[in-house]
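A.B. asks: Quick check, what structure comes out for this input:
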Amino acid sequence: MRLQLIALLKKILCLFLFASGNAFSHGGVVLEEDICLIKVGFFQAHFTVFQPRTREHEQFCEDLPDTGESLFVLEYLHDGLEKMSVDFRIIENLTGNGSFANQADIELIEDIDAITVFYQPPLQNPDVFAVLHNFKEEGEFIGVVTAQNSKDSKRYTAVFPFEAGFTSNDISNIAVLLTVLSVSLGWIGFLLIKRKRTSPILSLIALVALISIGATPKPAYAEFSNPEVIVGVSESYKVAGKASINPVAINQIHSWTLNLQTHDSRPVEKADIAVSGGMPLHDHGLPTQPKVVSEILPGNYKVDGLKFHMRGYWEITIEVRREDTSETLILGLNL
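C.D. replies: Residues are numbered from 1 along each chain as shown. Alright, predicted model coming up:
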């Protein structure tokens, strides 16, 4: 009986390790030392996804907890990518292989355009590639990044399956599984050492019951209805930000207008607003100290002194203090 129980636990542990390994690495995207990397052929880039409307400045490596606007950012680690044309495609994952889908599965698709939900034509950028897509529905998808050398027409491809709008937190579930397995293995080992008889079926039922405890999903926030401006949301407010220059230029001081409302679209007047920001991927702030200089109209605030000194993904942090409460909203933009 003891040998059967040990064999059963070994199988469960192997299945867990296999599943957890898959959670940290899908296709061409890998997590190495807390850094998310995408491998396009033998080239590498930092890979990050943001969902600024619902998750503020949280960074995701692959699977996305929400639907809605999602910003995919690649920061090149090789000079070779800077000289290549890079395109990005998102397709429905109809391969039947889930998170194990790979480039061979993509090559078997007869009409890839028919299942494409987003396509960014080739771009050549000096150091950063970023695209924004609005996921209307949750589901399983595959991202396909292709880099082409204009000199010899060689193509390099990265394929990574992912989910959008999932309701559980894989990392939290893995932590729960590790804890449960450790406690269960220790408990059963203690019983075996003491030569007490116990039912392996009861042990398995207890293990499955504990594993089935899911992580609590984060609440989704209301979305701003105007897609033409940069938006941010918090529990009580929504804000639309618009720069005084279009497009926003590097190393040029300019102003912004912030339209601050409640979720039922009432203007938020006479708010105490502090503005800061920075680049979360580089862990540094703004080179200036912007501030609100006036409330132009009810709920409309003018911010002077904004400046971005390099390309990449930036976040403008807006702290709203009003009636002894404080909430933070994030505006995300890519330059």
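
A.B. asks: what does the domain assignment say about this structure?
C.D. replies: With domains defined by automatic domain parsing, the chain comprises 1-25+174-214, 33-164, 230-334.

A.B. asks: Now render those domains as CSV, adding mean neighbour count and mean pLDDT.
C.D. replies: Yep, even glycine has a C-beta here, placed from its N, CA and C like the rest. Below are the domains of the chain laid out as CSV (neighbours: other CB atoms under 10 Å; pLDDT from 0 to 100):
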stretch, mean neighbour count, mean pLDDT
domain 1-25+174-214, 13, 50
domain 33-164, 17, 89
domain 230-334, 17, 91
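
A.B. asks: how about the nearest residue to the residue nearest the centre of the chain, chain neighbours excluded?
C.D. replies: The chain has residue 60 as the residue nearest its centroid, 2.8 Å off, counting by CA atoms, centre = their mean. Closest residue to residue 60 apart from its sequence neighbours, by CB to CB, 6 or more residues apart in numbering: residue 49 at 4.4 Å.

A.B. asks: how about the helices in the chain?
C.D. replies: Assigned by DSSP state H, the helices in the chain fall at 2-24, 52-55, 79-82, 103-107, 170-193, 200-211.

A.B. asks: Show me what the third one is in contact with.
C.D. replies: Read that as helix 79-82. 40, 43, 45, 76, 124, 125, 126, 127, 147, 149 (CB atoms under 8 Å, 6 or more residues apart in numbering).

A.B. asks: what's the nearest residue to the first one if we skip its chain neighbours?
C.D. replies: Spelled out, that is residue 40. Spatial nearest neighbour of residue 40, chain neighbours left out: residue 158 (4.4 Å); criterion: CB to CB, 6+ apart.

A.B. asks: if I pick the one you found, what's in contact with it?
C.D. replies: Residue 158 sits next to 27, 28, 29, 38, 39, 40, 41, 143, 144, 145 when contact means CB under 8 Å, 6+ apart.

A.B. asks: from those residues, which is closest to residue 308?
C.D. replies: The closest of the contacts of residue 158 to residue 308 turns out to be residue 38 (CB to CB; 24.4 Å).

A.B. asks: Now for residue 144: which residues touch it?
C.D. replies: For residue 144, the contacting residues are 88, 89, 90, 91, 106, 157, 158, 159, by CB under 8 Å, 6+ apart.

A.B. asks: quick one: the nearest residue to the first one once chain neighbours are set aside from residue 266, how far?
C.D. replies: Among residues not flanking residue 88 along the chain, residue 120 sits closest, at 4.5 Å (CB to CB, 6+ apart). Separation of residue 120 from residue 266 (CB to CB, to the nearest Å): 37 Å.

A.B. asks: what's the answer for residue 38, then?
C.D. replies: For residue 38, the distance to residue 266 (CB to CB) stands at 43 Å.

A.B. asks: Run through who's touching stretch 83-92.
C.D. replies: 40, 72, 74, 106, 109, 112, 115-125, 129, 131, 133, 139-150, 156.

A.B. asks: hmm, try it at 7 Å
C.D. replies: Residues external to stretch 83-92 that are found in contact with it (CB atoms under 7 Å, 6 or more residues apart in numbering): 72, 112, 115-124, 129, 131, 133, 139, 141-150.

A.B. asks: again with stretch 111-127
C.D. replies: 75-76, 82, 84-92, 94, 129, 131, 133, 141, 148, 311.

A.B. asks: can you give me how far it is from the chain middle?
C.D. replies: Centroid separation for stretch 111-127 versus its chain: 19 Å, with CA atoms, centre = their mean, to the nearest Å.

A.B. asks: Report the beta-bridge partners for residue 241.
C.D. replies: Residue 241 has these beta-bridge partners by DSSP bridges: residue 230, residue 258.

A.B. asks: I'd say it and residue 332 touch.
C.D. replies: No. Using CB atoms under 7 Å as the test, residue 241 is too far from residue 332 to be in contact (10.1 Å).

A.B. asks: Who are the contact partners of residue 51?
C.D. replies: Per CB under 7 Å, 6+ apart, neighbours of residue 51: 64, 66, 68, 69, 70.

A.B. asks: The second one and residue 58, how far apart?
C.D. replies: If you measure residue 66 against residue 58 using CB to CB, the figure is 10 Å.

A.B. asks: swap in the last one?
C.D. replies: Residue 70 sits 12 Å away from residue 58 when distances are taken as CB to CB.

A.B. asks: Check the third one too.
C.D. replies: Between residue 68 and residue 58 the computed distance is 13 Å (CB to CB).

A.B. asks: and if you look at the fourth one?
C.D. replies: As judged by CB to CB, residue 69 and residue 58 stand 14 Å apart.

A.B. asks: ditto for residue 113
C.D. replies: To residue 58, residue 113 is 32 Å away according to CB to CB.

A.B. asks: now residue 160
C.D. replies: Residue 160 is 19 Å from residue 58, by CB to CB.

A.B. asks: who's in contact with residue 245?
C.D. replies: Taking CB under 7 Å, 6+ apart as the test, what residue 245 contacts is 252, 254.

A.B. asks: Ignore what I typed, I meant residue 261.
C.D. replies: With contact set as CB under 7 Å, 6+ apart, residue 261 has these partners: 237, 238, 267, 268, 299.

A.B. asks: okay if I get those as a markdown table plus distance to residue 283?
C.D. replies: Compiled in a markdown table, the contacts of residue 261 are given as follows (distance: CB to CB, whole Å):
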| residue | distance to residue 283 |
| --- | --- |
| 237 | 27 |
| 238 | 27 |
| 267 | 35 |
| 268 | 31 |
| 299 | 33 |
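
A.B. asks: Many thanks, we can stop here.
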